[in-house]
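>>> Kindly generate the corresponding structure for this input.
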Amino acid sequence: MASAVQTATRKALPPPTERYTILGWLKKNLFDGWFNSLLTVVMAALLFGLLRPLFNWAFNTAEWAVIPANFNLIMRGQYPAELVWRLWLVLYLLAFVIGFVWAANSKTIQGELIVLFALPLLLLLVPFFTGETRINLLVVEAAGLVGYAIGRLLPAKRGTLGIWALLLYVLALLLILRGGSGETGAWAAVPTNLWGGLLLSLLLAVFGIVISFPLGVLLALGRRSQLPAIRMISVLYIEFIRGVPLITLLFMAQVMLQLFLPDGFPTIDRALRALAAVTLFSAAYTAENVRGGLQSIPKGQYEAANALGLSSLQSMTFIILPQALRAVIPVLVGQFIGLFKDTSLVALVGLFDLLGIARTILGNPSWLGTHREVYAFIGLLYWIFSYTMSYTSRRIEARLAVANR
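This is a model prediction of the structure:
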């Protein structure tokens, strides 16, 4: 007796023309049934009605000349024009370090690496860049390729060298940007009150994140400590800082920080005071995020570490803390994105970050009425860096397989 095997209609694969083409994607995602088709048409009409005035303004009305005319000011603030080569030197070293660290940790060429190396070449297409800027972008590209080539010569999985390279880069960054102690010459000192624009925003965010992260981890461990004094100090600090707005801490740092220092101590400039406030604020939130990760670790992990004969420090360093940090990667990255955007508050205490520079440009009589163009460009810069951090977080989660554990 012959039996016929029939494939259920709902399990049958669509034709190749609908599986691998734009037509297939549209049918599956936008026109799958009469209701979805009607919803797609209605939403398309609604979006067209909402976005048409925006596109008309962006392409016909907006005065985008304000951006090329003030591009250098937006990027570096009042950093001396004759010392701009230092900023390019910092970018050369950054490209070299990124290429070196990537090759030291992975020998495979991934899509992210291709995009990273293609970025300087894409920036060459910006119409208002000068020839000198384009040459510097090519040098940045070459530095990244040289760093990657050197990293490929190392044995596989030498991540320790990458960490040391990053630490050395941070020290070189501060030395190059700050300069020496003289007032003239190639290595003249550049006080931080002249740093501004995107340069200042990135420095505040990066150093705020780097410094507050270990401080937050220590506070999280202190809040879970069995020693009452350490636990009480950690709880008081965390709850006090979390109960105070960041803008309040910024004003307190500008006014009161010098009062806590010994008599005769050199005056701390405003940028470092703002960095102190941002760091203290971020550390409290980092501590609570890390504490949530520590509480998610099952008790069996602690018992397994004790069974192996590990000390409390060893079990926390090699078993508990890595799992806790891996579990809270999305929360930490979300906090860091918020911290990067919160650096715009330093404009209220007289610092010329991205938002402060925007206010300076709008105060120029030559650019009155261009606030929409300026703020749109500033918002685009914030979105680019925020999305980059978010995308990096997702890639780290996928590599660590956080969702599958």
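
>>> show me the contacts for Leu215.
279, 283, 286-287 (Cβ atoms under 8 Å, 6 or more residues apart in numbering). Heads up, the C-betas are built off the backbone N, CA and C, glycines and all.

>>> which stretch of helix or strand covers it?
Take DSSP states H and E as the rule and Leu215 turns out to sit in helix 197-223.

>>> if you average pLDDT over that helix, what comes out?
What helix 197-223 shows for mean pLDDT is 92.

>>> returning to what we had before: format the contacts of Leu215 as a markdown table; extra columns: secondary structure, neighbour count and distance to Arg273.
Listed next are the contacts of Leu215 as a markdown table, based on DSSP: H, G, I helix; E, B strand; the rest coil; neighbours: other Cβ atoms under 10 Å; distance: Cβ to Cβ, whole Å:
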| residue | secondary structure | neighbour count | distance to Arg273 |
| --- | --- | --- | --- |
| Thr279 | helix | 22 | 11 |
| Ala283 | helix | 23 | 16 |
| Thr286 | helix | 27 | 20 |
| Ala287 | helix | 26 | 22 |
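
>>> Not counting stretch 380-400 itself, show me its contacts.
Outside stretch 380-400, the residues that touch it by Cβ under 8 Å, 6+ apart are 74, 112, 198, 202, 326, 329-330, 333, 336-337, 340-341, 344, 354, 403.

>>> That should have said stretch 216-235, apologies.
By Cβ under 8 Å, 6+ apart, stretch 216-235 touches 237-238, 282-291, 294, 316, 321.

>>> Val328 - how many residues pack around it?
21 (other Cβ atoms under 10 Å).

>>> swap that for Gly111, please
Other residues close to Gly111 by other Cβ under 10 Å number 8.

>>> Provide the backbone phi and psi angles at it.
phi -60, psi -40 (degrees, to the nearest 10).

>>> ok, now Gly264?
phi 90, psi 0.

>>> now Trp195
According to degrees, to the nearest 10, Trp195 has phi -80, psi 140.

>>> Confirm for me that it is in contact with Leu203.
Yes - assessed by Cβ atoms under 8 Å, Trp195 is found in contact with Leu203 at 6.9 Å.

>>> mind listing what the residue lying closest to Leu200 once chain neighbours are set aside touches?
Distances taken as Cβ to Cβ, 6 or more residues apart in numbering place Asp353 nearest to Leu200, at 4.8 Å, with adjacent residues excluded. Applying Cβ under 8 Å, 6+ apart, we find Asp353 in contact with 196-197, 200-201, 204, 343-344, 346-347.

>>> which of those lies closest to Pro120?
Of all the contacts of Asp353, Gly197 has the smallest distance to Pro120: 19.7 Å, by Cβ to Cβ.

>>> Need the three-state assignment for Phe31.
At Phe31 the chain is in coil, as set by DSSP: H, G, I helix; E, B strand; the rest coil.

>>> start the count at 157, not 1, going forward
That works, and once the first residue is 157, the last one we named lands at Phe187.

>>> Can you check what angle separates the next helix or strand after the helix holding Leu371 from helix 353-379?
Later in the chain than helix 353-379, the nearest helix or strand by DSSP H and E is helix 384-398. Following axes from the mean of the first three to the mean of the last three Cα atoms, to 10 degrees, one obtains 150 degrees for the angle between helix 384-398 and helix 353-379.

>>> could you point out which element follows helix 384-398?
Sequence-wise, the next helix or strand downstream of helix 384-398 (DSSP H and E) is helix 402-412.

>>> for the helix or strand hosting Ile513, packing partners?
Ile513 is located in helix 510-518, with elements delineated by DSSP H and E. If you count contacts as 3 or more Cβ pairs under 8 Å, 6 or more residues apart in numbering; DSSP states H and E, helix 510-518 packs onto helix 227-232, helix 353-379, helix 527-556.

>>> Can you mark which positions in stretch 264-284 are buried?
Across stretch 264-284, burial judged by 16 or more other Cβ atoms under 10 Å covers 269, 272-273, 276.

>>> and the contacts of Asp509 as CSV, adding distance to Thr316 and neighbour count?
Formatted as CSV, the contacts of Asp509 follow (distance: Cβ to Cβ, whole Å; neighbours: other Cβ atoms under 10 Å):
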residue, distance to Thr316, neighbour count
Gly352, 36, 25
Gly353, 35, 27
Leu356, 32, 29
Ser357, 31, 29
Leu360, 29, 25
Thr499, 31, 24
Ser500, 36, 17
Val502, 35, 29
Ala503, 40, 20
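
>>> As a markdown table, the residues you listed with distance to Arg308 would be great.
As requested, the contacts of Asp509 are exported to a markdown table (distance: Cβ to Cβ, whole Å):
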| residue | distance to Arg308 |
| --- | --- |
| Gly352 | 38 |
| Gly353 | 35 |
| Leu356 | 35 |
| Ser357 | 34 |
| Leu360 | 34 |
| Thr499 | 36 |
| Ser500 | 40 |
| Val502 | 41 |
| Ala503 | 43 |
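
>>> domain parsing for this structure?
234-346, 353-561 (automatic domain parsing).

>>> Worst mean pLDDT among these?
Among these, domain 234-346 scores lowest, at a mean of 85.

>>> Endpoints of that one, how far apart?
Distance across domain 234-346, first residue to last, is 10 Å (Cα to Cα, to the nearest Å).
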